[in-house]
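A.B. asks: Have a look; sequence and predicted model below, questions after that.
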Amino acid sequence: MGEYGKRAEQLFMEGYNCSQAVLLSYSDITGLDDKTAAMLASGFGGGMGRMREVCGAVSGMFIVLGIVAGYSDPSDAQGKKSTYAAIQELASRFRKEKRQYNLQGASRTVKARRHIYTRRKNE
């Protein structure tokens, strides 16, 4: 695990959700202050508001990519195309490594998930 992954894991264990942990760990790249980053990513935890949909870590990495390499002009067709291509590449890499987008589900047993959450300080 790299430096950003270790930082994200530490932040998660402090009580931040997966999306917040990822976005906060990249603050040196995004330029976001901690409060803004935590608030921006707060609704994506638990698979989007605990709906167990797309993993918050995936949402967090997509936010980071958008800040770093996204587009802002709605008429920038090439910017939109390249951003979507980069998102699709990240999603593909994540899916190959984790085998799904939702880490709340099949990749961990209920017992393993409970162990993680009981280790956290502020759940």
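C.D. replies: Looks like it came in fine.

A.B. asks: isn't residue 54 right next to residue 46, touching?
C.D. replies: No. The pair residue 54 / residue 46 is not scored as a contact, 10.6 Å apart, by CB atoms under 8 Å. In short, each C-beta sits where N, CA and C put it, glycine included.

A.B. asks: What strand or helix carries residue 73?
C.D. replies: Taking DSSP states H and E as the definition, residue 73 sits outside all helices and strands.

A.B. asks: Look at it and say how many residues are nearby.
C.D. replies: Number of residues near residue 73 (other CB atoms under 10 Å) recorded here: 8.

A.B. asks: In space, what's closest to it - neighbours in sequence excluded?
C.D. replies: Leaving out its chain neighbours, the residue that sits closest to residue 73 by CB to CB, 6 or more residues apart in numbering is residue 79, at 6.7 Å.

A.B. asks: Tell me which helix or strand the one you found sits in.
C.D. replies: helix 77-98.

A.B. asks: Spit out the contact partners of the residue nearest to residue 73.
C.D. replies: Counting by CB atoms under 8 Å, 6 or more residues apart in numbering, residue 79 makes contact with 70-73.

A.B. asks: and residue 54 and residue 46? which has more neighbours close in?
C.D. replies: residue 54 (19 against 16).

A.B. asks: Name the SS class of that one, please.
C.D. replies: Here residue 54 is recorded as coil under DSSP: H, G, I helix; E, B strand; the rest coil.

A.B. asks: any idea how far it is from residue 18?
C.D. replies: Using CB to CB, to the nearest Å, residue 54 is found at 10 Å from residue 18.

A.B. asks: okay, and the common contacts of these two?
C.D. replies: Going by CB under 8 Å, 6+ apart, residues that sit against residue 54 and also against residue 18 are residue 44.

A.B. asks: which one of the contacts of residue 79 has the most neighbours?
C.D. replies: Going by other CB under 10 Å, residue 70 tops the contacts of residue 79 with 18 neighbours.

A.B. asks: any idea of the pLDDT on that residue?
C.D. replies: For residue 70, the model assigns a pLDDT of 96.
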